Structures are given as C-alpha cells and as structure tokens.
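*Asks:* Show me how the following folds:
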Amino acid sequence: QVQLVESGGGLVQAGGSLRLSCAASGRTFSMAAMRWYRQVRGKERELVAHITSTGGSTNYADSMKGRFTISRDNGKNTVYLQMNSLKPEDTAVYYCNARNTYTGRDLGWGQGTQVTVSS
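*Replies:* Numbers count the residues shown, from 1 in each chain. Presented below is the predicted three-dimensional model:
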C-alpha cells in the first residue's frame, strides 16, 4: 500500500495556474503508476492524467491536453499536476491515485484537494 497526501489546491481566477502535489509514503512509490482524478459533487470521478512509474510516458484526458502537465520525482516520492489556463469547469476535488504497474490494482488514494476556479 501507498499513503498519499495531496496539497496545492485553492481558489484561482480563470486563466490562472495551480500546481498540485501528491506526497507518497511507502517503498513501492517508484514502481507505481500514478494518476490524478477529479470529481465534482454529484458526478462520477474523472481521470485527468496518468504517468508511468519511470515518468517516461504520460496520458491526459482530452479536455486537459495542452493545459495540464503531470510529472513525478521518484527521489522525493512526489507526483505533481501543473494546471494552466484554468477554467471554471475545472473546479473539482482533485485526487491522486497509485496503482500497480503490472496488475492495475489500486495501491492507495489521497484524501483530495479542492480546486475552485472563479470566472
């Protein structure tokens, strides 16, 4: 299992930027694929971005491509989500998730961090 703690959320105006961080504990972080999800109350959780264990490959939901960047620092056991050109529709609780690279099994979820984008 991996324990995850997100930070960096807050209130920002449309067009602004935020960087979310997700600090992980546990020796398996460097072997885990990492994802960011987001959820609006009353709606299903939505995949935002994915990064492989080495950071060599990333994927994004279509609406985030070109605006969001996922990265990781395995030396610091941290994954990041840089969010630029934020829109009011990006308002949500953002969660990080660790999963086994080979089996896809969930290894842990963070508690979430609120991002609010004002128009």
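*Asks:* List the strands paired with the strand or helix carrying Asn59, with their directions.
*Replies:* Of the helices and strands defined by DSSP states H and E, Asn59 is found in strand 58-60. Partners of strand 58-60 in the sheet, by DSSP bridges, are strand 46-51 (antiparallel).
*Asks:* For the most centrally placed residue in the chain, list the residues it contacts.
*Replies:* Among the residues of the chain, Trp36 comes closest to the average C-alpha position under CA atoms, centre = their mean, at 2.7 Å. Taking CB atoms under 8 Å, 6 or more residues apart in numbering as the contact definition, Trp36 lies against Leu20, Cys22, Leu47, Val48, Ala49, Ile70, Val79, Leu81, Tyr94, Tyr95, Cys96, Asn97. Just so you know, the C-beta spots here come from the backbone N, C-alpha and C atoms, and that holds for glycine as well.
*Asks:* Just the buried subset of the residues you listed, please.
*Replies:* Neighbour-count burial within these applies to Leu20, Cys22, Val48, Ala49, Ile70, Val79, Leu81, Tyr94, Tyr95, Cys96, Asn97; the criterion is 16 or more other CB atoms under 10 Å.
*Asks:* now those residues as CSV including secondary structure?
*Replies:* Compiled in CSV, the buried ones among the contacts of Trp36 are given as follows (DSSP: H, G, I helix; E, B strand; the rest coil):
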residue, secondary structure
Leu20, strand
Cys22, strand
Val48, strand
Ala49, strand
Ile70, strand
Val79, strand
Leu81, strand
Tyr94, strand
Tyr95, strand
Cys96, strand
Asn97, strand
